[in-house]
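Peer 1: need a structure here:
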Amino acid sequence: MAPLFVNELNRLSGRSVEVAFDNSFVDGVIAFAREDVLGLVESGSGYAPSNPVVFIAINAIDFVRLL
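Peer 2: Now for the predicted structure:
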């Protein structure tokens, strides 16, 4: 199942999403997905455009919602 999920995440690369994991949510743009990790450019809040990359373990993701 994980390879299909990773393929779908890669297909959505560049799209804005909300990722739920470990009772928290992160909004951002999918940068890449590998077999064990998702790279997400976090949406900035405030005036400073920092946009850090967040790495999320694929097996920790509860769901991904398109924004």
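
Peer 1: centroid residue for the protein?
Peer 2: Centroid-nearest residue in the chain, with CA atoms, centre = their mean: Leu40, separated by 4.2 Å.

Peer 1: Can you pull the poorly scored residue ranges out of the chain?
Peer 2: Within the chain, the ranges that satisfy pLDDT under 70 run 1, 44-49.

Peer 1: Output the longest strand belonging to it.
Peer 2: In the chain, with assignment by DSSP state E, the single longest strand is strand 24-33.

Peer 1: returning to that earlier point: the residue nearest to the centre of the chain contacts Ile30, correct?
Peer 2: Yes. In this structure Leu40 lies within contact range of Ile30 using CB atoms under 8 Å: 6.1 Å. Glycine gets a C-beta too; all of them are placed from N, C-alpha and C.

Peer 1: hey, what's in contact with both of the two?
Peer 2: Residues touching both Leu40 and Ile30 (CB atoms under 8 Å, 6 or more residues apart in numbering): Val17.

Peer 1: State the three-state secondary structure for the residue nearest to the centre of the chain.
Peer 2: Here Leu40 is recorded as strand under DSSP: H, G, I helix; E, B strand; the rest coil.
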